[in-house]
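Asks: After the sequence you'll find the predicted model.
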Amino acid sequence: MQYLLKAEIRKLFKQSKTYYALGALFSIELLILFSAYYQGTTIIDLLLENLKQKFYFEGTLLNGNLLIYLILNTLWFHLPLILMIIVSGTLTSEYKDRTLQTIMLQPVSKWKFILSKYIVAIAFTLMVVALLAISSFGLSYAFFGKGDLVVYLNGLNFFDATDAIKRLQWSFVSGALSMVFFSVASLTIAILFKEATKTWIVSAFFLILSNILLKVDFGDNWFNQLFFAKLNDTWQYFFYYTINWQQIIFNSVLSLIYCMLFMGAGIYWFHKKDIG
Amino acid sequence: MKKAAILFLFSILWIGLSAQAIDEDLLKVKNRLDSIVSFSTQLKLEVDISFINMPVKKAQMFYTKGKKVKFSSDDFVMLPKRGLDFSLNSLLEYSFITVDRGMEQRNGRSYKAINIIPTDKRADFSIATILIDTKLRRVMESEINTKKDGAYLLTFLYNSDAKVLPDKVTVNFEIEKIRIPINFMGKDTQLDRKKMKAAGTKTGAIYLTMSNYQIKSVLYNRYL
Amino acid sequence: MIISGTNLSKVYGKRKVLDNVSIGCASGEICGLLGANGAGKTTLFKILFGLITPDTGKVVLPNQSIKPIGGIIEKPALYEYLNAQDNIHLFASIQGLQLTKQEIATHLIRVGLPIDRNDKVENFSMGMKQRLGIAIALLNNPACLVLDEPFTGLDPLGVSSLRKLIADLAEKEGLAIILSSHIIEELSKLCHTLYVLKEGKLVNAGPAQQLIAENTDVYNICADNIKQAECLKNYQVEFKGNCAMVTIAASAVPYLIQLLDKEQIYITSCTPELSMEKLFETNR
């Protein structure tokens, strides 16, 4: 099994498209960082508008922490899009090049093979999120420094710099879990559709649908609680003034269960299907 | 000789008139406060506004007589526009008249209520009501109706009778509830229609706790 | 028989792709599977490999080794963005083989590939890709090698050198080799046994030379002065340059050659012209 994993990692990092994807992600992150900075003043002004009448302010809210928060807001759309392309590509390219056939002509267990793809996909996803987190913290603080964070979430919430850093870090952890979910889903979609373009379209559709359904309110019932699309916003819970850990843990465990389900279904289908 | 006599008359009248326009107790408090040349203090700020969650903030405040108050802080702090001027100078900057409103009760004690009405158009408030502790010569409460920034109610608390600079100040004010487009930033807030309708002007407060005063003052005549 | 498939059938939708086909090959034997495009050759191979489950019949594979059967289906499928050494290393590692650089070099030499080329496989010629594909198929020493149309896309030199490689593998290493092609000339020079597949059915099978002889009516005999041959007047002949297409049974050929020799007509070549129609007629 470890050899299968090593082989998958090798394949992933020997392909130039992996590096194009990473390059794209970092470029986007830089772009967001600087555009957020230029927009930042407007955003803060808007938030503090009716307070300006009664107060004056010392210190600046336009600092690294706010920018990381703004990066977080947009990250969870373009990141899974690119991740899904790379992850699903690890399987669709094998179908296209027929190397899958060559592999299956060797004494390799089918379910172990696809499981190793899932594991490497998850590890890659986590690695990418970690790199983005480190770079966004690093760049934001290097250029814009630390400071208090203001977030509009059912009111204006102000967080001390140290408190803000902690919450931002946890948000990345929570977001990483969502990204793992989408990566796993895209690999399962690849198993179903085999062909690259179809897989991209279905994966993108899945992502967009999840984002749309996120905004729809199904009412305060069990469906709203358990529906997978609702779980992708869990990172936001870290920006309520009091963190509702119970809800966050519940959502996270549920996300993990969905991941397992998609992964299990994928492995089952792959194992059952003819490779011919 | 004639000129000197006219000048003399004018000055007496002037003094007499001025003496009539400013309440004596107010003057006593003002003189007491004027004896402070400068001070610095550590501020603790607590915000109590319904739609704002903010942790307790710390700042340093520096006052020098005749100059604008300065602040410094490591964090982001929100400071009320009114309520940080303990010297009364902001109210008494331009010419004004006072009106005695009698005694008022607060927590079982009596204080003298005085209206301060500016006569100069340049003043930034229209009327202010001050409650003075005549015995201890200090301000207990101050209600200011500014021209542009709404109304403020300041309450002063002192830890000991001898102090003229407060240990705790409560600033009450009216504030409009925040109106920001729903999808603007962050998680979509639950659309609570009822709450939104009830929104409008609300009251808020900010609590300032002072500590570690470093005061530089000159001797003043208690009996003036 | 080291490998055999018995009574194999497969239906896709309404189409019967394979109908009761049986095939087998012994150690050291080269078996050829002849059939037109779409006859069912690739499907049969996929069943032998276990990639597809047959609707009926069973496959018996050689001894219980890790890898009883290796091979290539359609074209060799390799990781084009890796070089030859990386490809071998990767395919070896996933089946539990940890090869050293030396051992990888040995595998490359075995199939006639250079060991000093480090560029990506996408730059390789078709012939080199076939060889690499065979090298990968031979990992873990299978007893049987199955190659699907291995000569496709090769130039004449490539064809002859690949033919030599396959012959060596059978003879020197005792592998049972099954090849498929739609071109008889490729198979006739190499195979011991021939199986003929037509529209999913096995229409002919037997030792290659025997099958060719049985189904050959015409021989192409070439000699410098062939047109002057008197003995040829007894046969149906078509002359083309220095060659004569003679309609004659295989058994009668040696006698004809003797007659020509007596007339001092010394033949330079004698090639059977296989009758495809006859070969593909159901003969079982």
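Replies: That came in fine, so what should we check first? Numbers count the residues shown, from 1 in each chain, chains lettered A, B, ... in the order given.
Asks: Nearest residue to A:S178 in space, ignoring adjacent ones along the chain?
Replies: A:N232 (4.5 Å; CB to CB, 6 or more residues apart in numbering or on different chains). (Each C-beta comes from the backbone N, C-alpha and C, glycine too.)
Asks: Pretty sure that neighbour sits against A:V180.
Replies: No - using CB atoms under 8 Å as the test, A:N232 is too far from A:V180 to be in contact (11.2 Å).
Asks: any idea of the pLDDT on the residue nearest to A:S16 when sequence neighbours are not counted?
Replies: Excluding its sequence neighbours, the residue lying closest to A:S16 (CB to CB, 6+ apart) is C:Y81, at 7.5 Å. Predicted confidence (pLDDT) for C:Y81: 94.
Asks: ok, now which ones touch C:Y81?
Replies: Neighbouring residues of C:Y81 by CB atoms under 8 Å, 6 or more residues apart in numbering or on different chains: A:14-16, C:120-122.
Asks: By residue count, tell me the biggest strand in chain B.
Replies: strand B:201-217 (DSSP state E).
Asks: returning to what we had before: make sure the residue nearest to A:S16 is indeed in a strand.
Replies: No - C:Y81: not assigned to a strand; according to DSSP: H, G, I helix; E, B strand; the rest coil it is coil.
Asks: Okay, it and C:D119: tell me how far apart.
Replies: 11 Å (CB to CB, to the nearest Å).
Asks: for A:V150, same thing?
Replies: 56 Å.
Asks: Which one's more surrounded, these two?
Replies: A:V150 (23 against 9; other CB atoms under 10 Å in any protein chain shown).
Asks: Which of the helices or strands spans that one?
Replies: strand A:149-152 (DSSP states H and E).
Asks: what about that strand, distance to the chain center?
Replies: 22 Å (CA atoms, centre = their mean, to the nearest Å).
Asks: Stretch C:97-105 too?
Replies: Relative to the centre of its chain, stretch C:97-105 is centred 29 Å away, using CA atoms, centre = their mean.
Asks: now stretch A:138-145
Replies: 22 Å.
Asks: Any buried residues in that stretch, and which?
Replies: Neighbour-count burial for stretch A:138-145, counted by 16 or more other CB atoms under 10 Å in any protein chain shown, picks out A:139-141, A:144.
Asks: Make a markdown table from those and add distance to chain C, secondary structure and pLDDT to it.
Replies: Formatted as a markdown table, those follow (distance: CB to the nearest CB, whole Å; DSSP: H, G, I helix; E, B strand; the rest coil; pLDDT from 0 to 100):
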| residue | distance to chain C | secondary structure | pLDDT |
| --- | --- | --- | --- |
| A:L139 | 31 | helix | 91 |
| A:S140 | 36 | helix | 91 |
| A:Y141 | 38 | helix | 92 |
| A:F144 | 40 | helix | 88 |
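Asks: and which of these is nearest to C:T43?
Replies: A:L139 (56.6 Å; CB to CB).
Asks: For residue 49, the count of nearby residues, please.
Replies: Going with chain A. 13.
Asks: The chain in question should be chain C.
Replies: C:F49, neighbours per other CB under 10 Å, totals 21.
Asks: what comes into contact with stretch A:52-62?
Replies: By CB under 8 Å, 6+ apart, stretch A:52-62 touches A:37, A:40-41, A:44, A:48, A:144, A:147-150, B:59, B:71-81, B:149-150, B:152, B:173, B:175, B:204.
Asks: where does the residue nearest to A:S178 land on pLDDT?
Replies: pLDDT recorded at A:N232 is 77.
Asks: Check A:T199 too.
Replies: 95.
Asks: For A:A229, see how far away it is.
Replies: As judged by CB to CB, A:T199 and A:A229 stand 20 Å apart.
Asks: of those two, who's got more company?
Replies: Neighbours were counted for A:T199 and for A:A229 using other CB under 10 Å; A:T199 has more, 25 against 17.
Asks: quick one: the more buried one and A:V87 touch, right?
Replies: No - look at A:T199 against A:V87 with CB under 8 Å: they stay out of range, at 9.9 Å.
Asks: Centre of the chain to stretch C:113-123, how far?
Replies: On CA atoms, centre = their mean, the centre of stretch C:113-123 falls 26 Å from the chain's centre.
Asks: Which residue ranges of the stretch 151-284 of chain C form strands?
Replies: C:176-181, C:193-198, C:201-207, C:216-223, C:236-240, C:243-247, C:267-274 (DSSP state E, counting those that start in this stretch).
Asks: just the stretch 51-200 of chain A next, same as before
Replies: Using DSSP E, counting those that start in this stretch, strands in the stretch 51-200 of chain A cover A:55-58, A:149-152, A:156-159.
Asks: and B:E93, which of those is closest to it?
Replies: Per CB to CB, nearest to B:E93 of these: strand A:55-58, 18.4 Å.
Asks: buried sites along the closest one?
Replies: Neighbour-count burial for strand A:55-58 [16+ other CB under 10 Å]: A:55, A:58.
Asks: what's the model's confidence in it, averaged?
Replies: Rounded mean pLDDT across strand A:55-58 is 83.
Asks: Kindly provide the distance from C:A84 to chain B.
Replies: 54 Å (CB to the nearest CB, to the nearest Å).
Asks: Could you check the pLDDT of that residue?
Replies: Model confidence at C:A84 (pLDDT) stands at 95.
Asks: Then B:K58?
Replies: At B:K58, pLDDT is 89.
Asks: host element of it?
Replies: Assigned by DSSP H and E, B:K58 falls in strand B:57-64.
Asks: go on, A:L31?
Replies: Per DSSP H and E: helix A:16-48 holds A:L31.
Asks: Quick check, B:D124 in contact with B:K147.
Replies: Yes - contact criterion CB under 8 Å: B:D124 and B:K147 qualify, at 5.7 Å.
Asks: neighbour-wise, which of these two wins?
Replies: Taking neighbours as other CB under 10 Å, B:D124 and B:K147 compare with B:D124 leading, 16 against 11.
Asks: quick one, phi/psi of that one?
Replies: phi -90, psi 10 (degrees, to the nearest 10).
Asks: per-residue pLDDT, it?
Replies: 86.
Asks: Run through the residues that contact it.
Replies: Counted by CB under 8 Å, 6+ apart, B:D124 has contacts B:146-149.
Asks: any idea how far it lies from C:I178?
Replies: 100 Å.
Asks: Please work out which residues outside stretch C:87-101 touch it.
Replies: A:3-4, A:6-7, A:10-11, A:102-103, A:106-108, A:113, C:66-67, C:78-79, C:82, C:85, C:104, C:107-108, C:121, C:132, C:135-136, C:139-140.
Asks: now swap in stretch C:218-226 and tell me
Replies: Counting by CB under 8 Å, 6+ apart, C:229, C:232, C:239, C:242-248, C:253, C:256-257, C:260, C:265-273, C:275 sit against stretch C:218-226.
Asks: got the buried residues for that stretch?
Replies: C:218-219, C:221, C:223, C:226.
Asks: just those now: which is nearest chain A?
Replies: C:V218 (39.2 Å; CB to the nearest CB).
Asks: Need the nearest residue in space to the closest one, chain neighbours excluded.
Replies: C:E273 is the one closest to C:V218 (CB to CB, 6+ apart), at 4.2 Å.
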